[in-house]
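*Asks:* Got a predicted model here, sequence first, then my questions.
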Amino acid sequence: MKRRRFVKGLLALPAAPALVAQQQQPAPGGNQATLPGNASPQAAGESPALETALSDTAAQMMPRFFTTTQFAALRQLSGILMPPINGAPGAVEAHAPEFLDFLIGQSLPERQQLYQTGLDALNAQAKKRFDKTFAEADASEAAALLAPLREPWTPEPPADALARFLHAAKQDIRTATMNSPEWSAAGLASGGRRPGGFNQYWLPID
């Protein structure tokens, strides 16, 4: 499956540990994902012995790393950033939130904290401005909360923690969706042409 190659590719890259290195210590505010087999802690800088076959079954898992509220916010964010269009599955239909729950759960603490802090910030902003969670926000409310994504691109990462999370999540959601079995199946069903050019949320703001 493409997601297996996606994870294997990340494991092979020196810059990839922020996405896929195994983490043995529980992250603050989240539940530690169960590691496959009798996995032992990895030495610093060493690529993890991650069972990449798990990535194909991640979509069938219940949330294991994020809290229920965090995962609901991630699911809402995924649906907004990449909806289904022109026969191609959206992020929710491609189970990108479930896959990211698996992937971030295997990541280094910095990446886990980026996601947990960002999702908590989305929920806090939604509560403060609209008295609801981000998952409960309607389209106009969610658009207001995602205003940092409409800021002009700069070569340096955004100073704001929420903006940094949103930009990272945007790319991760896109990658997870386009490497999903559902996306691949949609391409085969359309005669082998890969779905594309849908004017998804990220295109106007890249």
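*Replies:* All right, it came through fine. Numbering: from 1, shown residues only.
*Asks:* Doesn't residue 157 lie inside a strand?
*Replies:* No - remark: residue 157 does not belong to a strand; assigned using DSSP: H, G, I helix; E, B strand; the rest coil, it is coil.
*Asks:* That one - how many residues pack around it?
*Replies:* 10 (other Cβ atoms under 10 Å). (Glycine included, C-beta is placed from N, CA and C.)
*Asks:* for residue 88, phi and psi?
*Replies:* phi -90, psi 140 (degrees, to the nearest 10).
*Asks:* now do residue 85
*Replies:* phi -150, psi 140.
*Asks:* Can you get me a residue count around it?
*Replies:* 13.
*Asks:* Residues in a beta bridge with it, which ones?
*Replies:* Beta-bridge partners recorded for residue 85 (DSSP bridges): residue 88.
*Asks:* buried residues in the helix or strand residue 125 falls within?
*Replies:* For residue 125, the host element (DSSP states H and E) is helix 109-130. Using 16 or more other Cβ atoms under 10 Å as the burial criterion, the residues of helix 109-130 that qualify are 111-123, 125-126, 130.
*Asks:* What is that helix packed up against?
*Replies:* Helices and strands touching helix 109-130, by 3 or more Cβ pairs under 8 Å, 6 or more residues apart in numbering; DSSP states H and E, are helix 17-20, helix 68-81, helix 96-105, helix 139-145, helix 161-178.
*Asks:* Of those helices, which is nearest residue 90?
*Replies:* helix 68-81 (6.2 Å; Cβ to Cβ).
*Asks:* List the buried residues in stretch 176-187.
*Replies:* 176, 177, 178, 179, 180, 182, 183, 184, 186, 187.
*Asks:* Among the residues you listed, which has the minimum pLDDT value?
*Replies:* Least confident of the buried residues of stretch 176-187 in the model: residue 187, at 73.
*Asks:* Just to be sure, that residue is in a helix?
*Replies:* Yes - under three-state DSSP, residue 187 sits within a helix.
*Asks:* how close does it sit to residue 87?
*Replies:* Distance, residue 187 to residue 87, by Cβ to Cβ, to the nearest Å: 10 Å.
*Asks:* Equivalent analysis for residue 130, please.
*Replies:* On the measure of Cβ to Cβ, residue 130 and residue 87 end up 33 Å apart.
*Asks:* again, but for residue 78
*Replies:* Distance from residue 78 to residue 87, by Cβ to Cβ: 19 Å.
*Asks:* who's more crowded, those two?
*Replies:* For the pair residue 78 and residue 87, the greater number of neighbours falls to residue 78 (28 against 11), based on other Cβ under 10 Å.
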